[in-house]
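[1] What shape does this take:
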Amino acid sequence: LNKRVASIAKALGVTDTSRIHLISLRGKQANLSQLKKQIVEICKLRDIGFISIDPVYRIKTGEENSNDDTADFLLSVEALAHESGAAIGLTHHFAKGNSANKNAIDRMSGAGTWARDPDAVIAMTEAKDSTEDEPSFVIESSLRDFAPLKPFSIKFAHPIWSLNVEGSLALMGGKGAGRP
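    Numbers count the residues shown, from 1 in each chain. Below you'll find the predicted structure:
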């Protein structure tokens, strides 16, 4: 992860990454309640304004398909946001199989609470014109308290993502981006 951050920073011409603090859980078992105090302390000490949890299942307890368990977890995430003063982004996954024919907000695996609780849901789905050499994805959003955002395409050229102005908004195996 440190190597990945360094290669992205270099590609973007960023020389100071001192405000990025990484906690890797590779090979470790921990849940949010075990990490919360450490995360809050780091955020306050370093004036960190954004926490990314990727993937969320690494620190989630309870059953992913249970609305009650998911709501409890998301309440603890909200408490972490309040205590740390930081916004939080969670990386979740789609259900198995091709979900491209569903609305973006309905593609996530598990309980409906995953889609109904957050203020912003951003779905990243492979675009129809994606290739092995140049993977591209359609970004769709469901925003509760923010102005609507039209779907757009991004592409990956190692090690960075960029806007794909010419990219298709049609989804791989699906009907196309956006709501009907």
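[2] mind listing the strands for the protein?
    Ranges of strands in the chain, per DSSP state E, are 50-53, 87-90, 120-126, 136-143, 152-157, 160-163.
[3] If you count neighbours, what's buried in the helix or strand bottoming out on mean pLDDT in the chain?
    Each helix and strand of the chain was given a mean pLDDT (mean pLDDT, DSSP states H and E); the minimum falls on helix 113-116 at a mean of 88. Of the residues in helix 113-116, T113, W114, A115 count as buried by neighbour count, 16 or more other Cβ atoms under 10 Å. All C-beta atoms are positioned from the backbone trio N, CA, C, and that covers glycine.
[4] and among the strands of the chain, the most buried is which?
    strand 136-143 (a mean of 20; mean count of other Cβ atoms under 10 Å).
[5] quick one: low-confidence parts of this protein?
    Applying pLDDT under 70 to the chain flags the ranges 174-180.
[6] at 80 instead, please
    Where the chain drops to pLDDT under 80, the residues are 95-101, 173-180.
[7] those helices in it, which residues are they?
    Applying DSSP state H to the chain gives helices spanning 2-12, 32-46, 67-84, 113-116.
[8] I'd like those helices written out as a markdown table, with distance to K60 added.
    Output for these, formatted as a markdown table (distance: least, Cβ to Cβ, whole Å):
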| stretch | distance to K60 |
| --- | --- |
| helix 2-12 | 23 |
| helix 32-46 | 7 |
| helix 67-84 | 5 |
| helix 113-116 | 10 |
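[9] Deepest-packed of the ones you listed, please.
    Comparing those by mean neighbour count (mean count of other Cβ under 10 Å), helix 113-116 ranks first with a mean of 19.
[10] Could you export that helix as CSV, CA atoms only?
    C-alpha atoms of helix 113-116 as CSV (Å, rounded to 0.1, in the frame of the first residue of the first chain):
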residue,chain,number,x,y,z
THR,A,113,-29.3,-0.3,4.7
TRP,A,114,-26.0,-0.2,2.8
ALA,A,115,-27.7,1.9,0.2
ARG,A,116,-30.3,3.8,2.3
